[in-house]
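Student: here's a sequence, model it:
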Amino acid sequence: MSNRMKNIIVPLVAVLLGVLVGTIIMIATGYNAGAAFTALWNGAFGEIYYTGEVVRQVTPYILAGLAVAFAFRTGLFNIGVEGQLIVGWLASVWVGVAFDLPKIIHLPLAVLAAAAAGALWAFIPGLLKAKFKVHEVIVTIMMNYVALHVTNYIIRTVLSEKSDRTEMIAESSTLRSVFLEGITDYSRLHWGILIALACVFFMWFLLEKTSKGYELRAVGFNQHASEYAGMNVSKNIILSMVISGAFAGLAGAMEGLGTFGYAAIKGGFTGVGFDGIAVALLGGNGPVGIIFAALLFGSLKVGALNMPLEAGVPNELVDIIIALIVFFVAASYMIRIFIDRISKKGVK
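Tutor: Predicted coordinates:
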């Protein structure tokens, strides 16, 4: 069996195993697994409104997954996607609130502000990694907390002195669409899905079809060999983190300019950035795979809200299933060995 086929089969097996073990847990704890999964499906695709909400949820998941995957493909592990998303969210809303411009200028400016904020937040760990060999995992984890509390401070003292949230963004900076809301029974679906899909194409084209993408991947495979070949390793490490952070910042813009239209003081992390790690792993760090992984996770997250209502099953069980899927993806080596043994028996 070819490696390409294995890369497709392994995530599918991981999903099936996660669902299987999740089903066993439901049955063992006295819940009706059939009713739970029926409720899950109905909550994700039973009505056009729920389908619109699934696509809306998928949008930031795609961008968060791209942020993690891009760094990983270039030899880095960006755990700071959550923090970069939060600063991108704030930056987009700040521009959306502070300016009164024509939509053709205001919306792109707000989106670019989010990308720039996320890129700047990722630039710091990239610089520390490139110049001082400080491990990016430690720095990005710490910067998540810095992002959370700094943005809360700015919202509380600068953008909303008498409230725990900012004003609503100007209509000229919103990603919301009357057309998309109308065809999905007034869900919160917005034009951000097009930005996410454009970023999927951008990542694929940059890494697979350009010389700069080849350099970035080469540095990820072997820094010493890349340096010997004349590549600027430090520059490529920083660039990789900046692009990864820009994707994460755009994920924040999807929330700030699309789903909510404001930024609020947060008691904790949104979770989207951390879910992006799971999306990237399940998608095999490939742009196309990330779309399908984001669709699965978005469906599970939105559909889970219907499980307590329709089946009396706590929606935390979906988080258990997601965790199990990630576990089996992380244990893909065992799945590959199992597939190899089956293939060899089939040949005999």
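
Student: where does the stretch 1-150 of the chain have low pLDDT?
Tutor: Where the stretch 1-150 of the chain drops to pLDDT under 70, the residues are 1-2.

Student: go on, the stretch 151-300 of the chain?
Tutor: Looking at the stretch 151-300 of the chain by pLDDT under 70, you get an empty list.

Student: give me the contacts around stretch 262-271.
Tutor: The contact list for stretch 262-271 (CB atoms under 8 Å, 6 or more residues apart in numbering) reads 82, 85-86, 89-90, 93-94, 144, 148, 151-152, 155-156, 159, 164-169, 255-256. Glycine gets a C-beta too; all of them are placed from N, C-alpha and C.

Student: show me which positions of it end up buried.
Tutor: Neighbour-count burial for stretch 262-271 flags 262-265, 269-270 (criterion: 16 or more other CB atoms under 10 Å).

Student: ditto for stretch 222-229
Tutor: So stretch 222-229, judged by 16+ other CB under 10 Å, has buried residues 223, 226.

Student: show me what that stretch is in contact with.
Tutor: Residues from elsewhere that reach stretch 222-229, judged by CB under 8 Å, 6+ apart: 75, 215, 218-219, 233, 236.

Student: hmm, try it at 7 Å
Tutor: Stretch 222-229 is contacted by residues 218-219, 233 when judged by CB atoms under 7 Å, 6 or more residues apart in numbering.

Student: cool, and stretch 149-160?
Tutor: 86-87, 90, 94, 97, 166, 263-266.

Student: so which bits of that stretch are buried?
Tutor: Buried positions in stretch 149-160, judged by neighbour count with 16+ other CB under 10 Å: 150-152, 154-155, 159-160.

Student: now render the residues you listed as CSV, adding distance to Tyr61 and secondary structure.
Tutor: Shown next, in CSV, are the buried residues of stretch 149-160 (distance: CB to CB, whole Å; DSSP: H, G, I helix; E, B strand; the rest coil):
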residue, distance to Tyr61, secondary structure
Val150, 24, helix
Thr151, 21, helix
Asn152, 24, helix
Ile154, 26, helix
Ile155, 24, helix
Leu159, 27, helix
Ser160, 28, coil
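
Student: what's the closest of the residues you listed to Ala69?
Tutor: Checking those against Ala69 with CB to CB, the nearest one is Thr151 at 24.7 Å.

Student: from Leu180, how far out is that closest one?
Tutor: As judged by CB to CB, to the nearest Å, Thr151 and Leu180 stand 28 Å apart.

Student: now the helices for the stretch 1-150 of the chain?
Tutor: 3-28, 33-45, 48-73, 81-98, 103-132, 136-154 (DSSP state H, counting those that start in this stretch).

Student: in the helix or strand where Ala293 lies, which residues are buried?
Tutor: With elements taken from DSSP states H and E, the one containing Ala293 is helix 287-304. For helix 287-304, the neighbour count (16+ other CB under 10 Å) marks 287, 289-304 as buried.

Student: Phe77 and Val139 touch, don't they?
Tutor: No - using CB atoms under 7 Å, Phe77 is not in contact with Val139; the gap is 10.9 Å.

Student: Serialize the helices of the stretch 1-150 of the chain to JSON lines and add fields for distance to Lys344.
Tutor: What follows is these, written out as JSON lines (distance: least, CB to CB, whole Å):
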{"stretch": "helix 3-28", "distance to Lys344": "13"}
{"stretch": "helix 33-45", "distance to Lys344": "34"}
{"stretch": "helix 48-73", "distance to Lys344": "30"}
{"stretch": "helix 81-98", "distance to Lys344": "39"}
{"stretch": "helix 103-132", "distance to Lys344": "42"}
{"stretch": "helix 136-154", "distance to Lys344": "37"}
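
Student: so which of those is nearest Leu309?
Tutor: helix 33-45 (7.4 Å).

Student: how far off centre is that closest one?
Tutor: Mean C-alpha position of helix 33-45 versus that of the full chain (CA atoms, centre = their mean, to the nearest Å) differs by 24 Å.

Student: over to stretch 62-81?
Tutor: 9 Å.

Student: with just CA atoms, put that stretch into PDB.
Tutor: The C-alpha coordinates for stretch 62-81 follow below in PDB (Å, rounded to 0.1, in the frame of the first residue of the first chain):
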ATOM      1  CA  ILE A  62      -9.600  26.000   9.100                       C
ATOM      2  CA  LEU A  63      -7.400  29.100   9.700                       C
ATOM      3  CA  ALA A  64      -6.300  27.900  13.200                       C
ATOM      4  CA  GLY A  65      -5.400  24.500  11.600                       C
ATOM      5  CA  LEU A  66      -3.500  26.200   8.800                       C
ATOM      6  CA  ALA A  67      -1.500  28.200  11.500                       C
ATOM      7  CA  VAL A  68      -0.500  25.100  13.300                       C
ATOM      8  CA  ALA A  69       0.200  23.100  10.100                       C
ATOM      9  CA  PHE A  70       2.300  25.700   8.400                       C
ATOM     10  CA  ALA A  71       4.600  26.000  11.400                       C
ATOM     11  CA  PHE A  72       4.800  22.200  11.700                       C
ATOM     12  CA  ARG A  73       5.600  21.700   8.000                       C
ATOM     13  CA  THR A  74       8.500  24.100   8.400                       C
ATOM     14  CA  GLY A  75       9.900  22.300  11.500                       C
ATOM     15  CA  LEU A  76       8.200  24.500  14.200                       C
ATOM     16  CA  PHE A  77       5.500  23.800  16.800                       C
ATOM     17  CA  ASN A  78       3.300  26.900  17.200                       C
ATOM     18  CA  ILE A  79       1.300  26.300  20.400                       C
ATOM     19  CA  GLY A  80       0.600  30.100  20.500                       C
ATOM     20  CA  VAL A  81      -2.200  30.100  17.900                       C
END
